[in-house]
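Q: sequence unknown, structure follows:
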């Protein structure tokens, strides 16, 4: 079996029976698919926590949530989330399953940079003491997560009802018209300054920068969202198209000048986007933001 289902399943996007059968099979084989419980895209959700804290974003909507326990993870730190999925099997499983200690430690893991003895490279390592302190410090009893069985294209999202929305591995299963309609409905459902988290294999600037493949970025821009760090990703895409990315991989070395230029664009873009959010713009974070991969985010988001 495949997890997640192939994009060829897009013609089944509104078929509840199909998704019930799919999730029934996943749950039956859950010992072989532990990541299905935490849910794909969990790194992005974790990386966004400093932004949620910075802007006081607590009311969330999870669209096409499957069996992920991520809504319950953010409930752990005080968020109030509604999770929607067309599968009653998935919602029932997620509703009943409490996150384990291992789930919580994985999701909220705090890292420090340490030098490898062999290579001398600085790499992130999970710091158990910092993780335990973070979990204890950030826990809020006011959070909750509710799970609703509904077709996301029919569920009434309302206007300015949510602070943030999560769309992990959903948009690629929708037709072009449904994708734009859903993005527009999410835009209306978010408050000014709201944030949308999107993970999908169909991001042109990240996944297919040099292959001439159309991505879904334009869907969210067309709905009115500010594309987070767009200039930085466009710069990276141009460099990849000129072949430096293959050279980097083949020679196993860093191109320091290009790296520094990209990091400067990320830093400037981050500051500019945060000002836009403070001014009421709605931000779409498409893919795992690059600043989540190192300790830069800790200082920069403080």
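A: Received, thanks. Fair warning: this is a prediction, and the values are worked out from it, not measured in the lab.
Q: A helix includes residue 198, no?
A: No: counting by DSSP: H, G, I helix; E, B strand; the rest coil, residue 198 is not found in a helix; it is strand.
Q: And it, how far from residue 32?
A: Using Cβ to Cβ, to the nearest Å, residue 198 is found at 27 Å from residue 32. Quick note: C-beta positions are derived from backbone N, CA and C, even for glycine.
Q: secondary structure class for residue 153?
A: Residue 153 ends up coil, using three-state DSSP.
Q: do you know how far the residue nearest to it when sequence neighbours are not counted is from residue 288?
A: Using Cβ to Cβ, 6 or more residues apart in numbering and skipping residues adjacent in sequence, the residue nearest residue 153 is residue 178, 6.0 Å away. Distance of residue 178 to residue 288, computed by Cβ to Cβ: 25 Å.
Q: And residue 198 and residue 32? Which one has more around it.
A: With neighbours defined as other Cβ atoms under 10 Å, residue 198 and residue 32 compare such that residue 198 has more, 27 against 10.
Q: The more buried one reaches residue 288, doesn't it?
A: No: using Cβ atoms under 8 Å, residue 198 is not in contact with residue 288; the gap is 10.6 Å.
Q: next helix or strand past the helix or strand encompassing residue 60?
A: Assigned by DSSP states H and E, residue 60 falls within strand 59-63. Using DSSP H and E, the helix or strand that follows strand 59-63 towards the C-terminus is helix 70-76.
Q: I'd like the mean pLDDT over that next one, please.
A: The pLDDT scores in helix 70-76 average 92.
Q: try stretch 101-111
A: Averaging pLDDT along stretch 101-111 gives 85.
Q: which other residues reach it?
A: 37-38, 42, 45-46, 69-70, 73, 76, 99, 124-127, 130-131, 133-135, 138, 295 (Cβ atoms under 8 Å, 6 or more residues apart in numbering).
Q: Try it again at 6 Å.
A: The contact list for stretch 101-111 (Cβ atoms under 6 Å, 6 or more residues apart in numbering) reads 46, 73, 124, 126, 127, 130, 131, 134, 135.
Q: do stretch 63-75 as well
A: Taking contacts as Cβ under 6 Å, 6+ apart, the residues outside stretch 63-75 that touch it are 37, 39, 42, 45, 62, 81, 83-85, 90, 93-94, 99, 107, 143-145, 152, 167, 170.
Q: Distance-wise, check residue 97 relative to residue 71.
A: When distance is defined by Cβ to Cβ, residue 97 is 11 Å away from residue 71.
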